[in-house]
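Colleague: the sequence isn't on hand, but the structure is:
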């Protein structure tokens with residue numbers, strides 16, 4: 001099949017029957033855009049669970065063109081799911097979005113168009129209108145203030161804002177490794193370190209329509225621990241021995257070739 005211009009990765013963790021409420025309008029918008037695309041539904045689930053998301057994703061793919069399903073036994077959280085989708089994607093531009101419906105799907109194409117018009121390596125959403133309640137808003141505010149103080153990310157605000165879009169060249173330079181919810185922060189930090197331009201666009205963040213939030217006290221603690229480890233240079237996703245070995249192996253292979 002020809003390489004698509006745009007690959008959209010929709011993270012559908014535990015969406016089950018609600019999957020179509022996000023995938024359907026997104027697919028309709030992609031079809032109407034005239035852009036060669038593929039829609040990747042990431043429906044990974046924990047072994048032994050009763051999550052029907054893989055079944056729902058396969059049913060959606062059978063009735064809609066240009067849809068690919070990634071449904072593997074989970075070995076990690078959000079970051080692991082994201083990598084499984086991005087590694088499947090073939091497009092020259094990549095955009096991902098959570099499948100919980102809180103960010104309207106129309107912002108996926110806005111992200112793609114901003115990538116094309118600005119020439120930036122990364123474009124991300126910034127939640128300017130929030131309808132998810134005061135507690136979540138205050139938690140996000142605290143996290144973003146702390147993030148800016150620790151890493152001096154002047155010019156950026158909403159670290160976890162989505163959608164996030166990349167050129168393929170930018171994504172390949174990031175070498176994403178985190179398996180948990182810190183992956184949004186990893187993208188921003190590695191892009192800044194690599195000198196990749198990041199552009200933010202305003203998005204609307206709606207109240208959650210279906211199911212409970214996957215973000216709780218454990219997630220907040222996980223963020224704080226990850227921030228401290230990154231700031232101290234001890235985070236496992238930082239460039240280190242593994243990337244050095246990979247570089248050395250590539251050099252040896254080139255020499256032998």
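Modeller: Looks like it arrived, so ask away. This one's a predicted model, so the numbers in the text were calculated from it and none came from an experiment.

Colleague: what is the mean pLDDT for stretch 148-168?
Modeller: Here stretch 148-168 scores 93 as its mean pLDDT.

Colleague: just stretch 132-139 next, same as before
Modeller: Taken as a whole, stretch 132-139 carries a mean pLDDT of 74.

Colleague: grab the most central residue of this protein for me.
Modeller: residue 96 (4.7 Å; CA atoms, centre = their mean).

Colleague: partners of the host helix or strand of it, with directions?
Modeller: Assigning secondary structure by DSSP states H and E places residue 96 in strand 93-98. In the sheet, strand 93-98 lines up against strand 6-11 (parallel), strand 164-167 (antiparallel) (DSSP bridges).

Colleague: can I get those in a markdown table including mean neighbour count?
Modeller: All C-beta spots, glycine's among them, are computed from the backbone N, C-alpha and C. Shown next, in a markdown table, are the strands paired with strand 93-98 (neighbours: other CB atoms under 10 Å):
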| stretch | mean neighbour count |
| --- | --- |
| strand 6-11 | 26 |
| strand 164-167 | 26 |
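
Colleague: what about the strands in the stretch 151-257 of the chain?
Modeller: 164-167, 198-205 (DSSP state E, counting those that start in this stretch).

Colleague: export the ones you listed as JSON lines, with columns for distance to residue 186.
Modeller: Shown next, in JSON lines, are the strands of the stretch 151-257 of the chain (distance: least, CB to CB, whole Å):
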{"stretch": "strand 164-167", "distance to residue 186": "11"}
{"stretch": "strand 198-205", "distance to residue 186": "13"}
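
Colleague: thought residue 120 was touching residue 199?
Modeller: Yes - with contact defined as CB atoms under 8 Å, residue 120 and residue 199 form a contacting pair (4.3 Å).

Colleague: okay, the residue nearest to the centre of the chain: pLDDT?
Modeller: 98.

Colleague: check whether it really touches residue 163, as I assumed.
Modeller: Yes - with contact defined as CB under 8 Å, residue 96 counts as touching residue 163 (6.4 Å).

Colleague: mind listing the helices for this structure?
Modeller: Secondary structure of the chain, counting by DSSP state H: helices at 19-33, 53-62, 78-88, 106-118, 134-151, 168-174, 183-194, 217-231, 241-256.
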